[in-house]
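Visitor: No sequence on hand, only this structure:
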């Protein structure tokens with residue numbers, strides 16, 4: 001302030017001494033002009049007032065900020081206070097640096113408290129202790145863990161079932177056989193063969209599955225596979241005359257006599273006329289007529305009216321030069337009435353030969 005007063009005094013001193021200087025006597029001294037309005041002084045005083053006012057306002061704002069920062073530090077202690085304190089601090093700190101006009105800052109300060117609603121989120125942060133207490137139901141999450149052994153308990157029953165595998169093999173074979181029949185009904189022959197083979201792997205003695213598979217193989221013109229299946233069946237159990245006859249027939253078609261196959265099963269088919277007649281025909285093809293006569297005769301004891309068997313007996317008797325017996329056999333074949341027209345003509349020709 002002393003510096004400003006001195007400056008004013010110097011200015012007044014310069015402008016207020018109009019004393020005459022040494023001039024020529026011809027020149028009349030000009031009277032000093034009247035003192036004008038001190039605009040410069042007013043301007044300086046106004047600027048000074050503005051500076052003092054600004055510094056005072058800045059000091060007041062600093063005091064406000066310091067006064068506000070005190071409750072901010074205390075906010076965490078009291079739960080209800082933190083809501084208003086942080087809101088007032090943020091706008092003050094953001095506006096104190098630029099020092100705008102004082103009129104706009106209070107408006108912003110009054111407008112800023114609107115964000116106060118989101119701040120209640122902070123009290124929610126204080127809720128985690130409550131949630132931690134609520135974490136006590138974690139034993140509920142532990143309850144499913146005992147359920148896992150419960151899910152594991154069913155497999156423990158399987159060993160008991162595994163212990164009865166000797167009994168379940170027949171069941172598995174039967175189930176596979178039924179699946180094969182179902183596939184066969186739907187026309188899926190290849191799939192049916194697969195199921196039947198599975199049934200035989202489970203139980204090689206499953207006769208129905210074997211017979212069905214062999215019939216499918218024969219229809220599919222796969223005789224070699226059919227022969228293998230029939231041979232495996234008879235190797236397990238030779239007491240299957242039908243299997244033996246079928247295998248012998250396939251062997252005959254493949255160029256093998258098949259007599260050995262029939263002879264192995266003969267002890268288990270001695271009472272079957274068809275089996276004996278089939279064996280007699282195989283022997284007849286091999287020119288073993290004496291044995292053929294024996295088996296034809298045994299077959300005719302079971303079915304005396306079978307004309308084909310009488311005819312076969314007559315052929316073997318004629319080959320053995322037993323013409324009278326052969327003629328009698330041909331006559332019985334002719335009288336049976338069971339021969340086809342072709343066979344009937346054959347028998348008549350044979351009778352004419354013997355009559356000569």
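Guide: Sure thing, it's come through. Keep in mind that what you see is a predicted model, and the values were worked out from it rather than measured.
Visitor: switch to C-alpha atoms for all contacts and neighbour counts from now on
Guide: OK.
Visitor: Give me the neighbour count for residue 284.
Guide: 20 (other CA atoms under 10 Å).
Visitor: Okay, it and residue 319: tell me how far apart.
Guide: 10 Å (CA to CA, to the nearest Å).
Visitor: Residue 265 reaches residue 242, doesn't it?
Guide: No: judged on CA atoms under 8 Å, residue 265 makes no contact with residue 242 at a distance of 9.6 Å.
Visitor: between those two, who's got more neighbours?
Guide: residue 265 (21 against 14).
Visitor: right, and residue 218 touches residue 228 too?
Guide: No: in this structure, residue 218 is not within contact of residue 228 by CA under 8 Å, at 11.8 Å.
Visitor: who has more neighbours, these two?
Guide: The neighbour comparison of residue 218 against residue 228 (other CA under 10 Å) goes to residue 218, with 16 against 12.
Visitor: The more buried one: helix or strand, and which one exactly?
Guide: Following DSSP states H and E, one finds residue 218 within helix 207-219.
Visitor: before we move on, what about residue 339?
Guide: Assigned by DSSP H and E, residue 339 falls outside every helix and strand.
Visitor: Which residues are in contact with the closest residue to it other than its chain neighbours?
Guide: Nearest non-adjacent residue to residue 339, counting by CA to CA, 6 or more residues apart in numbering: residue 307, 6.1 Å away. Listed by CA atoms under 8 Å, 6 or more residues apart in numbering, the contact partners of residue 307 are 332, 333, 334, 335, 336, 337, 338, 339.
Visitor: The stretch 151-300 of the chain: helices as residue ranges?
Guide: 165-185, 189-202, 207-219, 223-236, 241-253, 259-265, 273-285, 289-302 (DSSP state H, counting those that start in this stretch).
Visitor: in the fifth one, what counts as buried?
Guide: Of the residues in helix 241-253, those buried by neighbour count under the rule 16 or more other CA atoms under 10 Å are 241, 243, 244, 245, 246, 247, 248, 249, 250, 251.
Visitor: do the longest one as well
Guide: If you call a residue buried by 16+ other CA under 10 Å, then helix 165-185 has these buried ones: 170, 172-181, 183-184.
Visitor: cool, and the third one?
Guide: For helix 207-219, the buried set under the neighbour-count rule, 16+ other CA under 10 Å, comprises 209, 210, 211, 212, 213, 214, 215, 216, 217, 218.
Visitor: for the last one, same thing?
Guide: Within helix 289-302, the residues that count as buried by 16+ other CA under 10 Å are 289, 292, 293, 295, 296, 297, 298, 299, 300.
Visitor: what do you get for the second one?
Guide: Within helix 189-202, the residues that qualify as buried by neighbour count (16+ other CA under 10 Å) are 189, 191, 192, 193, 194, 195, 196, 197, 198, 199, 200, 202.
Visitor: Taking their axis directions, that helix and helix 223-236 sit at what angle?
Guide: Interaxial angle of helix 189-202 relative to helix 223-236 (axes from the mean of the first three to the mean of the last three CA atoms, to 10 degrees): 20 degrees.
Visitor: now the first one
Guide: Counting by the same axes, to 10 degrees, helix 165-185 lies at 150 degrees to helix 223-236.
Visitor: Lowest-scoring secondary structure element of this structure by mean pLDDT?
Guide: helix 85-96 (a mean of 38; mean pLDDT, DSSP states H and E).
Visitor: pLDDT below threshold where in the stretch 1-150 of the chain?
Guide: For the stretch 1-150 of the chain, the stretches with pLDDT under 70 are 1-39, 42, 64-150.
Visitor: one step back: tell me which other helices or strands the helix holding residue 218 touches.
Guide: Counting by 3 or more CA pairs under 8 Å, 6 or more residues apart in numbering; DSSP states H and E, the packing neighbours recorded for helix 207-219 are helix 189-202, helix 223-236.
Visitor: other SSEs contacting the last one?
Guide: I take that to be helix 223-236. Helix 223-236 packs on helix 207-219, helix 241-253, going by 3+ CA pairs under 8 Å, 6+ apart.
Visitor: Any chance of a markdown table for those, columns distance to residue 328 and mean pLDDT?
Guide: A markdown table is the format used below for the helices and strands packed on helix 223-236 (distance: least, CA to CA, whole Å; pLDDT from 0 to 100):
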| stretch | distance to residue 328 | mean pLDDT |
| --- | --- | --- |
| helix 207-219 | 39 | 93 |
| helix 241-253 | 29 | 93 |
